[in-house]
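Participant: Just to be clear, the model below is a prediction. Sequence and coordinates:
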Amino acid sequence: MSGPLRLFILRQEGHLRNLQGFLGANWKAMADQGRPLSVMVTEHKAKRSSEQNRRLWALLNDIAANAWIEGKQFSADAWHEHFKRTLIGSEELPSGGSVGISTTTLDVGEFSSYMDKIEAYAATELGLELAA
């Protein structure tokens, strides 16, 4: 089996009891089957919200509809790729090209900052005041 069996986010004591119960009920059987459980504890960071994602695409569509560069307009998807590469970074592809790092890697705070940077870029580089 790959991937997590169960994710526990500890916000209150009841969540801790759920984790303890799950481990107590399953660790031995899994170990006996040669599939021991592994536990890693990290700070939980919420991924971007669906509201943030809708706002991002509203920004990108606004830019696509109103920005002109050297007499050309570009799609929202092209702007999305441009901003990923410019503001987040890119990773190399086996073919030698590159692709922007996915925005799904950003947590809520990082995603908010990313959109702020897009708006600043639109204002300073494209002369746009976005409505989104």
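Facilitator: The structure has been received and is ready for your questions. Residues are numbered from 1 along each chain as shown.
Participant: Could you pull up the mean pLDDT of the helix or strand encompassing A65?
Facilitator: According to DSSP states H and E, A65 maps onto helix 50-66. Mean pLDDT, taken over the full extent of helix 50-66, equals 94.
Participant: Going forward, the N-terminal residue is numbered 48.
Facilitator: Sure, I'll start numbering at 48, so the last one becomes helix 97-113.
Participant: Domains of the chain: list them as residue ranges, please.
Facilitator: 48-91, 97-173 (automatic domain parsing).
Participant: before we move on, the earlier item: figure out how far the helix holding A112 is from the centre of its chain.
Facilitator: Between the mean C-alpha location of helix 97-113 and the chain-wide mean there is a distance of 15 Å, by CA atoms, centre = their mean, to the nearest Å.
Participant: Could you count how many residues lie near the nearest residue to A114 once chain neighbours are set aside?
Facilitator: For A114, ignoring the flanking residues on the chain, the nearest one in space by CB to CB, 6 or more residues apart in numbering is L173 at 4.6 Å. C-betas here are computed from N, CA, C, even on glycine. Taking other CB atoms under 10 Å as the neighbour definition, L173 ends up with a count of 15.
Participant: What residues does L173 make contact with?
Facilitator: Going by CB atoms under 8 Å, 6 or more residues apart in numbering, L173 touches I110, N113, A114, I116.
Participant: Please tell me how far the residue nearest the centre of the chain sits from Y168.
Facilitator: Central residue check for the chain by CA atoms, centre = their mean: the C-alpha nearest the mean position is that of T151, 2.1 Å away. In this structure, T151 and Y168 are 21 Å apart, going by CB to CB, to the nearest Å.
Participant: what bits of this protein have low per-residue confidence?
Facilitator: Residues of the chain meeting the criterion pLDDT under 70: 48-51, 179.
Participant: which residues of it fall in strands?
Facilitator: According to DSSP state E, the chain carries its strands in the segments 137-139, 145-147.
Participant: deepest of those strands, which one?
Facilitator: Across the strands of the chain, the average number of neighbours (mean count of other CB atoms under 10 Å) peaks for strand 145-147, which reaches a mean of 14.
Participant: Thanks a lot, catch you later.
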